[in-house]
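Colleague: output the structure for:
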Amino acid sequence: MGYDRRGGSVFGAFLLGGMVGAVLGLLFSPRSGKENREMITDMAHKYMDEGKDLYETGRARVTEVYETGVSGATEKAEELRGKIDQARERLKEQVEHTSEIAREKVGQVVPAAKEQVAKAGDAAKQGIDTAQTKAAETLDLMGEKSKKAVDAAAGAAEDAVSKS
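Modeller: Numbers count the residues shown, from 1 in each chain. Sure thing, here's the model as predicted:
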């Protein structure tokens, strides 16, 4: 609706003008007061009946639209619940399927991993055994050389003592 400069609505002014015009039309009408009152009463009853009919029709239509909307919303909600349940089931099946595949893969990998760990343990044991053997050989060789050096030094000391 439009508004004039004073803040009143244009529609309100239009209605007020219509009422003033109707009152003036009745005052200056060529009919008698009784005829005008009867005519106004008849028109009032006629418009009142039309208003009631319009009201009932509108109310029935609004009620129908509301019930249709509620029914449609209920149907959509049920349809959506069904789709959510279907999606939930598909997701559950996919999770179960993926879990089964993961179990199978782990079952395949575990024996190979155990075998690799056993091989690594054997290799480490062999390395330790080899290192121990080499260390023992090195210590024996050093012991022999040390004994020869000590024997040579003792022999040289005995020679020095016997010459003196």
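Colleague: neighbours of L26, how many?
Modeller: Neighbour count for L26, taken as other CB atoms under 10 Å: 14. Where you see a C-beta, it was placed from the backbone N, CA and C, and this is true even at glycine.
Colleague: please renumber the chain so that the first residue is 4 from this point on.
Modeller: All right, first residue 4 from here; so that's L29.
Colleague: any idea how far the closest residue to it other than its chain neighbours is from G28?
Modeller: Spatial nearest neighbour of L29, excluding adjacent residues (CB to CB, 6 or more residues apart in numbering): N39 at 5.4 Å. Taking CB to CB, to the nearest Å as the measure, N39 falls 10 Å from G28.
Colleague: for the helix or strand bottoming out on mean pLDDT in the chain, buried residues please.
Modeller: None of the helices or strands of the chain scores lower by mean pLDDT, DSSP states H and E than helix 13-30, at a mean of 83. Buried residues in helix 13-30, counting neighbours by 16 or more other CB atoms under 10 Å, are absent.
Colleague: how far is the helix ranked longest in the chain from where the chain is centred?
Modeller: Ordering each helix of the chain by length in residues (DSSP state H) puts helix 36-166 first. Put simply, helix 36-166 sits 14 Å off its chain's centre (CA atoms, centre = their mean, to the nearest Å).
Colleague: model confidence over it, on average?
Modeller: For helix 36-166, mean pLDDT rounds to 89.
Colleague: how much does it deviate in direction from helix 13-30?
Modeller: If you take axes from the mean of the first three to the mean of the last three CA atoms, to 10 degrees, helix 36-166 sits at 170 degrees to helix 13-30.
Colleague: got the contact list for S32?
Modeller: N39 (CB atoms under 8 Å, 6 or more residues apart in numbering).
Colleague: helix, strand or coil for it?
Modeller: coil (DSSP: H, G, I helix; E, B strand; the rest coil).
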